[in-house]
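Asker: I'll drop the sequence and a predicted model, then ask my questions.
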Amino acid sequence: MENDYLQMLARIVLPSQILDYFSIAGVEQNSTEIHIGLDEKMHPELSKEAHFESKGFMEAVSVTDFPIRDHKVILKIRRRRWTDTRTGKSFSVPIDLDIVAKGTRYSKEFGAFLKETYGDVPCDLPYA
């Protein structure tokens, strides 16, 4: 029951649909920032296929999202790396999730908010 409430809270706080593709791998907080680690979920069809192997994760990408309780929020997103054992080629599965504002490292919603409020996406704000 408590897990259901935590899942609901995560869906409210995180960018829409992100939990469809990623699971929360960890949360770290210091006096000014909250880092939320998100790992791409295992692709069910590829994990059952003998010719494809998951080879861990690519380097994390940091995306700044809306602040929470006066803390800058940074999403650390890691995509899964797959290898086709027949060819040896590495790849990642394309996902239909567009969370980063074009030309920035801000979530789309946070970037739109900053642009509407300040006319541009400034980099010198306390939570930017």
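Answerer: Received, thanks.
Asker: which helices and strands does the worst-scoring helix or strand of the chain on mean pLDDT pack with?
Answerer: Least confident helix or strand, the chain: helix 108-118 with a mean of 77, by mean pLDDT, DSSP states H and E. Where contact means 3 or more C-beta pairs under 8 Å, 6 or more residues apart in numbering; DSSP states H and E, helix 108-118 is packed against strand 61-68. Bear in mind the C-beta positions are built from the backbone N, C-alpha and C, glycine included.
Asker: now the strand it packs on: average pLDDT?
Answerer: Across strand 61-68, pLDDT averages out at 91.
Asker: show me what that strand is packed up against.
Answerer: strand 71-78, helix 108-118.
Asker: now do that strand against strand 71-78, angle only.
Answerer: 150 degrees (axes from the mean of the first three to the mean of the last three C-alpha atoms, to 10 degrees).
Asker: what about dumping the CA coordinates of strand 61-68 to CSV?
Answerer: C-alpha atoms of strand 61-68 as CSV (Å, rounded to 0.1, in the frame of the first residue of the first chain):
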residue,chain,number,x,y,z
VAL,A,61,22.6,12.3,-18.8
SER,A,62,21.6,15.1,-16.3
VAL,A,63,18.4,17.0,-16.9
THR,A,64,17.3,19.9,-14.6
ASP,A,65,13.7,19.7,-13.6
PHE,A,66,11.4,21.8,-11.4
PRO,A,67,12.8,22.6,-8.0
ILE,A,68,11.2,20.9,-5.0
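Asker: neighbours around Val100, how many?
Answerer: Residues within reach of Val100, counting by other C-beta atoms under 10 Å, total 19.
Asker: Provide a list of residues in contact with it.
Answerer: Taking C-beta atoms under 8 Å, 6 or more residues apart in numbering as the contact definition, Val100 lies against 63, 106-108.
Asker: ok, now Leu97?
Answerer: Leu97 is in contact with 17-18, 20-21, counting by C-beta under 8 Å, 6+ apart.
Asker: tell me which stretches of this protein form strands.
Answerer: 22-29, 33-40, 52-57, 61-68, 71-78, 80-84, 90-91 (DSSP state E).
Asker: most packed of the helices and strands packed on strand 61-68?
Answerer: Sort these by mean neighbour count, taking mean count of other C-beta atoms under 10 Å, and strand 71-78 sits at the top with a mean of 19.
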